[in-house]
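Visitor: The amino acid sequence is not available; the structure is as follows:
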């Protein structure tokens, strides 16, 4: 009985999906399949709460998005961008804090060769329609070039 309770507790605690990186070039969206190649190397993407793909994004909740990456070039400033790509049409999600150097787990400037973990949250508004989409999340450097750009299939639910 004790083993079952421990197992049930551990299963209940697993609410984040960690996946390999899917580069933005794999989906149509802003700049389509011709999106510039990221200057960083993405290792993993974690989305919480999410247990499987497509990730269920429940209205009225926050999702936490984390990316572990290696900076292959120095960067002095960082800007986050998030799009929902619906049938190839990008719709921008407004982040409360698009400054990737502030409250993201990263201190700027980035140093080439160092590994970082970027973390941010996105509120799923009650105003969003219930729909299937692809979330496209980018971290851009001071020149507007992507350091990472990853996509994840998702669905907004009530």
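Guide: It's in. Here the structure is a predicted model, which is why all the values come from computation and not from measurement. Numbering: from 1, shown residues only.
Visitor: Touching, residue 151 and residue 22? I think so.
Guide: Yes: between residue 151 and residue 22 there is a contact at 5.0 Å, judged by C-beta atoms under 8 Å. Every residue, glycine included, has its C-beta placed from N, CA and C.
Visitor: Neighbour count for those two, which is higher?
Guide: For residue 151 versus residue 22, the count of surrounding residues by other C-beta atoms under 10 Å is larger for residue 151: 21 against 18.
Visitor: quick one: the host helix or strand of the more buried one to chain centroid distance?
Guide: Here residue 151, judged by DSSP states H and E, is contained in strand 146-157. Distance of strand 146-157 from the chain centroid (C-alpha atoms, centre = their mean, to the nearest Å) equals 5 Å.
Visitor: which secondary structure elements does that strand contact?
Guide: For strand 146-157, the elements it packs on are strand 41-48, strand 55-58, strand 61-70, strand 132-140, judged by 3 or more C-beta pairs under 8 Å, 6 or more residues apart in numbering; DSSP states H and E.
Visitor: how close does residue 142 sit to residue 22?
Guide: Residue 142 sits 25 Å away from residue 22, going by C-beta to C-beta, to the nearest Å.
Visitor: before we move on, back to that, out of the helices and strands packed on strand 146-157, the one nearest residue 84 is which?
Guide: strand 132-140 (4.3 Å; C-beta to C-beta).
Visitor: returning to what we had before: and the strand holding residue 151, which residues are buried?
Guide: 146-152, 154, 156 (16 or more other C-beta atoms under 10 Å).
Visitor: which two from the residues you listed end up farthest apart in space?
Guide: Top of the distance list for the buried residues of strand 146-157 (C-beta to C-beta): 147 and 156, 26.8 Å.
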